[in-house]
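Chemist: Predicted coordinates and the sequence they were generated for:
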Amino acid sequence: MEAIALELGINRKTVSNYVQMSTEEYIAYERESRSRKRIPSEYKEKIIEIYRNNGFKRLNMTGVYDYLEEIVGKLAFTDRTLRNYINSLIKNGELKISETIRMYEKVAPLPFGKQMQMDFGQYKFKSGLKVYIFATLLSASRYKYVSFQDRPFRGKDIIDHLINCFEYFGGQPEELVIDQDAALVASENHGDILYTKEFSHFIEEMNLKMYVCRKADPESKGKVENLVGYVKHNFLDIRDYSEIEELCKSGLLWLDRRANGSISAATGLIPANVITEERKFLHPIRNSIFKINSIVKDERIVSQQSFISYQNSLYSVPTGYRNQKVEVAVILDILYIYSLDNVLLAEHEITSIYREKVIKREHFREKEKKLSDLKEDIPRLFELPLWKEFVLMNFRTFPRYTRDQCILAKKYFNKDTNENLLLQALLFCNENKTFSFKNLFDSYNYFFNEDKADQIGTKKEVKSFENKTLKIDVSLRELQEYTSHILGEAV
């Protein structure tokens, strides 16, 4: 039997079954086999057309199965049956494809709620539509989120996608892993990551820990880079879209049905089931000024003097928006002022003083100054050598934010600054290598409050002595007595 199986290229058990059949049984079996239709073969032309439209490159077979279900409805066979059928087409030469192999390495598992990875990609459809991919993945459950847009990512776009992602996940993780994307990271200074202004504000609001790795670093961010490839090969490669709205709707359905609804090769579990457990460890989604859709905003008109009114007080707006409409929103006693196209123009702490003018000087004068003039002004504020050294280090540390740093320096330090306390603050910041003017101002305030407390303590001690005055009776004498006493001593 083994020789027969080897010669025919079939299983030994199949040969054994044939041998045990009677002639009548075999004829009946043969007749039934001929009348029986291989179900996947109904879609043979459709399958070959899918590969033809994609240049006969190797496609993810689960993706082909998913696409067939999307266009013809529920299939009466499993994706494994389709896989076997496609392999038979390849084997007998009816389908010729090119081989591409990519190896992945497993990463040690992380606890629930600990980490989310984020990455970006690009894809161009046959229609000519070019899309930009935003992809995230919870490292423990492998639960995924994907969205698309038809323009390159800006910082604000990424923040919007992240907010939608947290809502989709039902919470936010402790840590976010990204690479050094220009839309998020301004620069790196000897390992000290400087984020863009908007993104820095966002991660502070959301209380997110950040881990920034090198671009295309498989050791720290491999899972999500695999996800970008998975989106392309399992979803995008076998479809064609010309409208971004249609793509986004289909993408969400694909996430639920396939990306999160099928077994993960990495864990052997279905992410849609595991997320129920991971959600217990995710942090509640914090409120954010960037959650535009959930924030109630009021419209205001900027005055000719470049102020808007809020609760009987005035707040400054950059002079370029005079006489224009803006929108205001309040979160945690902070007033945020937006342009009508959602650009953040200003933020102020809300004052409790009736009819007070809350002013940021940079909204008026400093923005009009040349950067070169500002850079000359700041070192001249104080003659302290350590101040000039600090200013130099500040410019080197924040090359992209020099104007902002100069404005902060003028805001925080002036002729009323105590130079002795400033010197202490400069020594402290230099020692700890913190060269922002905000850090310097915080340090100065610390020493100022300490000095103030010491002075108050001293005054209290002096006051207690002054209250204890002694009443002494002094006898009065005639002047002649003093004169005779002095003359007598002289003799």
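Modeler: Sure thing, it's come through. As the structure is a computational prediction, the values presented were derived from the model and not from experiment.
Chemist: how far does stretch 267-287 stretch from start to finish?
Modeler: 33 Å (CA to CA, to the nearest Å).
Chemist: quick check: domain ranges of the chain?
Modeler: 2-91, 115-278, 295-364, 369-466 (automatic domain parsing).
Chemist: Pull the distance from the last one to the chain's centre.
Modeler: Between the mean C-alpha point of domain 369-466 and the mean C-alpha point of its chain there is a distance of 32 Å (CA atoms, centre = their mean, to the nearest Å).
Chemist: what do you get for the shortest one?
Modeler: On the basis of CA atoms, centre = their mean, domain 295-364 is displaced by 26 Å from the centre of the chain it belongs to.
Chemist: do stretch 71-90 as well
Modeler: In terms of CA atoms, centre = their mean, the centre of stretch 71-90 is found 40 Å from the chain centre.
Chemist: contact partners of it?
Modeler: The contact list for stretch 71-90, computed with CB atoms under 8 Å, 6 or more residues apart in numbering, reads 38-41, 43-44, 46-48, 61-62, 64-65, 68-69, 95-97. In this view, the C-beta of every residue, glycine as well, is placed from N, C-alpha and C.
Chemist: What residues of it count as buried?
Modeler: Taking 16 or more other CB atoms under 10 Å as the neighbour-count basis, stretch 71-90 is seen to contain the buried residues 75, 79, 82, 85-86, 89.
Chemist: so where's the stretch 151-300 of the chain shaky on pLDDT?
Modeler: Within the stretch 151-300 of the chain, the stretches with pLDDT under 70 are 180-197, 213-225, 263, 265, 268, 289, 291-296.
Chemist: Just put the domains of the chain in a markdown table and tack on distance to Asn287.
Modeler: A markdown table is the format used below for these (distance: least, CB to CB, whole Å):
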| stretch | distance to Asn287 |
| --- | --- |
| domain 2-91 | 37 |
| domain 115-278 | 8 |
| domain 295-364 | 6 |
| domain 369-466 | 23 |
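Chemist: on that earlier part again, among the buried residues of stretch 71-90, name the ones in strands.
Modeler: Applying DSSP state E to these, no entry is found in strands.
Chemist: just to revisit the earlier point, quick one, which of the domains of the chain is nearest to Ser288?
Modeler: In terms of CB to CB, the element of the domains of the chain nearest to Ser288 is domain 115-278, at 4.8 Å.
Chemist: quick one: which of the buried residues of stretch 71-90 is nearest to Pro271?
Modeler: Checking the buried residues of stretch 71-90 against Pro271 with CB to CB, the nearest one is Asp79 at 17.1 Å.
Chemist: if I look at that closest one, how far off is Ile350?
Modeler: According to CB to CB, to the nearest Å, Asp79 and Ile350 sit 58 Å apart.
Chemist: isn't Ile308 right up against Arg322?
Modeler: No: the pair Ile308 / Arg322 is not scored as a contact, 10.7 Å apart, by CB atoms under 8 Å.
Chemist: List the residues that are in contact with both of these two.
Modeler: Val302.
Chemist: Neighbour count: these two, which is higher?
Modeler: Neighbour tally, Ile308 and Arg322, criterion other CB atoms under 10 Å: the higher count belongs to Ile308, 25 against 14.
Chemist: Confirm the more buried one sits in a helix?
Modeler: No: counting by DSSP: H, G, I helix; E, B strand; the rest coil, Ile308 is not part of a helix but strand.
Chemist: and it, what pLDDT?
Modeler: Model confidence at Ile308, given as pLDDT, is 94.
Chemist: And for Tyr444?
Modeler: pLDDT at Tyr444 comes out at 90.
Chemist: quick one: it from Pro385, how far?
Modeler: Tyr444 is 17 Å from Pro385, by CB to CB.
Chemist: quick one: which of the two has more around it?
Modeler: Neighbours per residue (other CB under 10 Å) separate Tyr444 from Pro385, with Tyr444 holding more: 23 against 10.
Chemist: Would you enumerate the residues in contact with the more buried one?
Modeler: 412-413, 417, 421-422, 425.
Chemist: I'd like to know how far it sits from Lys438.
Modeler: Counting by CB to CB, the gap from Tyr444 to Lys438 is 11 Å.
Chemist: what is in contact with these two at once?
Modeler: With contacts taken as CB under 8 Å, 6+ apart, Tyr444 and Lys438 have Tyr412 as neighbours in common.
Chemist: Could you measure from the closest residue to Tyr412 other than its chain neighbours over to Leu423?
Modeler: Residue nearest to Tyr412 in three dimensions, not counting chain neighbours: Phe441, with 4.0 Å by CB to CB, 6 or more residues apart in numbering. Phe441 sits 14 Å away from Leu423, taking CB to CB as the criterion.
Chemist: The two: which is more packed in?
Modeler: Each of Phe441 and Leu423 has its neighbours counted (other CB under 10 Å); Phe441 has more, 20 against 17.
Chemist: Need the pLDDT of the more buried one.
Modeler: Model confidence at Phe441, given as pLDDT, is 89.
Chemist: Make 544 the starting number, not 1.
Modeler: Happy to do that; since the first residue is 544 now, the last one works out to Phe984.
Chemist: which stretch of helix or strand covers it?
Modeler: Of the helices and strands defined by DSSP states H and E, Phe984 is found in helix 980-1009.
Chemist: just Val871 next, same as before
Modeler: Going by DSSP H and E, Val871 is in strand 868-874.
Chemist: buried sites along the helix or strand harbouring Leu680?
Modeler: With secondary structure defined by DSSP H and E, Leu680 is part of strand 673-681. Within strand 673-681, the residues that count as buried by 16+ other CB under 10 Å are 674-681.
Chemist: Greatest separation within the residues you listed: which pair is it?
Modeler: Val674 and Leu681 (23.3 Å).
Chemist: ok, now which ones touch the residue nearest to Gln967 when sequence neighbours are not counted?
Modeler: Among residues not flanking Gln967 along the chain, Phe990 sits closest, at 4.7 Å (CB to CB, 6+ apart). For Phe990, the contacting residues are 964, 967-968, 971, by CB under 8 Å, 6+ apart.
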